[in-house]
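*Asks:* model this:
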Amino acid sequence: MSHFDEDIMDLPTLKTMVLVHGIPIGAGSAENWERVEEFQARSDDVIIATYPKAGTTWVSEVVDMIYCGGNPEKCRRDTIYNRVPYLEFKIPDMPTGVEILKDKPSPRLVKTHLPIQLMPESFWDNKSKVIYVARNAKDVAVSYYFFHNMVKAMPDPGPWDTFLDSYMKGYVNYGSWHDHVKGWWEKRYEYNILYLFYEDLKEDPKREIRKMLQFLEIDMSEDIIEKIVYHTSFEEMKNNDMVNYKTLPNEILDQTTTTFMRKGLAGDWKNYFTVAQNEKFDEHYKRHMSGTNLCFRTEI
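*Replies:* Predicted coordinates for the structure are as follows:
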């Protein structure tokens with residue numbers, strides 16, 4: 001489902017959202033939409049695109065390490081959100097993603113959660129490279145629920161059961177997971193897109209990093225790849241304040257009860273879905289993913 005009636009915007013999970021071309025987007029980003037739409041991409045931009053909670057920070061750190069030649073100290077030069085600015089980001093009293101990116105020297109690394117139809121045209125006109133990462137819908141649901149409880153600008157998700165229902169219907173920021181992953185999948189050959197899966201990255205990070213290197217046309221020795229695998233492992237990143245968002249104040253991101261780098265697992269959904277929820281979810285999933293050859297693993 002991509003389009004909503006205006007009255008749906010009164011639902012708790014959409015309280016701070018605004019519809020942009022039929023997709024619910026955070027009010028700040030929506031307010032800044034004209035600048036996002038008119039964003040001028042460069043041919044050597046590299047975009048890390050995902051639906052929220054699909055490994056964005058992880059892959060952003062991997063790509064930054066690639067461009068830093070595998071040097072972890074260079075990657076500690078600044079926080080991840082300044083090294084890989086979030087294109088549509090806008091909250092009061094902070095520079096917008098567009099403003100940060102405008103002054104960045106090339107090659108710029110750019111983060112976005114936009115569905116493909118909302119991407120600024122200049123990315124396609126300039127043949128910028130996009131690494132898209134998709135994660136199975138169940139683990140995303142759990143991670144997104146915890147994220148709603150941490151981010152002060154996001155609406156209260158309510159109890160897990162209520163949130164899961166809203167998420168399945170696409171009544172959350174960035175809309176339907178199904179539409180998002182399918183939209184990018186269907187255009188992967190039309191544009192300069194490398195489509196990766198979170199579960200594959202968990203299973204064999206070295207193999208997936210090699211795919212990124214090939215896509216980015218960068219040669220790298222095995223020992224540097226090993227170094228990148230080590231420094232971008234979940235445990236290393238969880239303890240790295242340049243990546244774990246600990247530099248943000250609690251008024252923006254409250255990590256007192258749960259951390260931004262929470263578990264990073266494939267299959268954690270089993271600890272939260274009831275049998276009934278799982279059956280209902282599978283039925284709904286089958287309907288919304290019929291007609292596509294896009295396949296996900298819900299555990300590894």
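*Asks:* Check which element follows the helix or strand of the chain with the lowest mean pLDDT along the chain.
*Replies:* The helix or strand with the lowest mean pLDDT-type score in the chain, counting by mean pLDDT, DSSP states H and E, is helix 234-238 (a mean of 73). Counting by DSSP states H and E, the next helix or strand C-terminal to helix 234-238 is helix 275-288.
*Asks:* What is that following helix packed up against?
*Replies:* Packing partners of helix 275-288 (3 or more C-beta pairs under 8 Å, 6 or more residues apart in numbering; DSSP states H and E): helix 137-150, helix 160-169. Where C-beta positions appear, they are placed from N, C-alpha and C, glycine not excepted.
*Asks:* Find the one among these with the highest mean neighbour count.
*Replies:* When the helices and strands packed on helix 275-288 are scored by mean count of other C-beta atoms under 10 Å, the highest mean neighbour count falls to helix 137-150 (a mean of 22).
*Asks:* Just list what the least confident helix or strand of the chain packs against, helices and strands only.
*Replies:* Helix 234-238 packs on helix 56-67, going by 3+ C-beta pairs under 8 Å, 6+ apart.
*Asks:* Need the CA coordinates for the following helix or strand past the helix it packs on. CSV is fine.
*Replies:* Scanning forward in sequence from helix 56-67 by DSSP H and E, the next helix or strand is helix 72-75. C-alpha atoms of helix 72-75 as CSV (Å, rounded to 0.1, in the frame of the first residue of the first chain):
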residue,chain,number,x,y,z
PRO,A,72,40.1,2.8,11.5
GLU,A,73,41.7,6.0,12.9
LYS,A,74,40.6,8.0,9.8
CYS,A,75,37.0,6.7,10.4
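*Asks:* Pull the residues that contact helix 72-75.
*Replies:* Contacts to helix 72-75, defined as C-beta atoms under 8 Å, 6 or more residues apart in numbering, come from residues 61, 64, 65, 68, 83, 227, 231, 242.
*Asks:* any idea how far the fifth one is from residue 64?
*Replies:* Put plainly, it is residue 83. Using C-beta to C-beta, to the nearest Å, residue 83 is found at 5 Å from residue 64.
*Asks:* list residues touching both of the two?
*Replies:* Common neighbours of residue 83 and residue 64 (C-beta under 8 Å, 6+ apart) are 75, 109.
*Asks:* Below-threshold pLDDT in the stretch 201-300 of the chain: ranges please.
*Replies:* 238-264 (pLDDT under 70).
*Asks:* again, only using 80
*Replies:* Where the stretch 201-300 of the chain drops to pLDDT under 80, the residues are 234-265.
*Asks:* returning to that earlier point: residue 112 is nearest to which of the helices and strands packed on helix 275-288?
*Replies:* helix 137-150 (16.2 Å; C-beta to C-beta).
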